[in-house]
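Let's see this in three dimensions:
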Amino acid sequence: MRIRDTEARKARFDELMMASPENTKSKAIDRAVEFYIAMAGAHRDGQLEQLLARAKEQGSVTPEEIAEVLDTDYLPVRAETAYSVGEE
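Next up is the predicted model:
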């Protein structure tokens, strides 16, 4: 498959390579596509739809719950909340 390089596309590929842990453009694109499919839900409810449904059902979601839903092998998502009272 050949993809024509436009200036905007080249800039997006460069940003993708900086953001991705992959060393090649094709692997970075594969990882980004797999993540998009997981989020959008090409063959089933995507994670974004699951997150919105959970928020509607519960009334709100915590950062940890958001991370739990959005976490994938392609882009791990973690959340940790820390509180401190009276300390710097």
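
now the longest helix belonging to the chain, how far from the centre of its chain.
For the chain, the helix with the greatest residue count under DSSP state H is helix 25-40. What separates the centre of helix 25-40 from the centre of its chain is 9 Å, taken as CA atoms, centre = their mean, to the nearest Å.

Do me a favour and average the pLDDT over it.
Throughout helix 25-40, pLDDT has a mean value of 92.

List the buried residues of that helix.
Neighbour counts over helix 25-40 (16 or more other CB atoms under 10 Å) mark 28-29, 31-32, 35, 38-39 as buried. C-beta coordinates here come from the backbone N, C-alpha and C atoms, glycine included.

Then stretch 44-54?
For stretch 44-54, by 16+ other CB under 10 Å, it's 46-47, 50-51, 54.

residues contacting Arg44?
By CB atoms under 8 Å, 6 or more residues apart in numbering, the contact list for Arg44 is empty.

swap that for Arg31, please
Contacts of Arg31 by CB under 8 Å, 6+ apart are 20-22, 74-75.

possible to save the residues you listed as CSV with distance to Thr6 and neighbour count?
Converted to CSV, the contacts of Arg31 look like this (distance: CB to CB, whole Å; neighbours: other CB atoms under 10 Å):
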residue, distance to Thr6, neighbour count
Ser20, 20, 19
Pro21, 26, 8
Glu22, 22, 15
Tyr74, 25, 16
Leu75, 25, 16
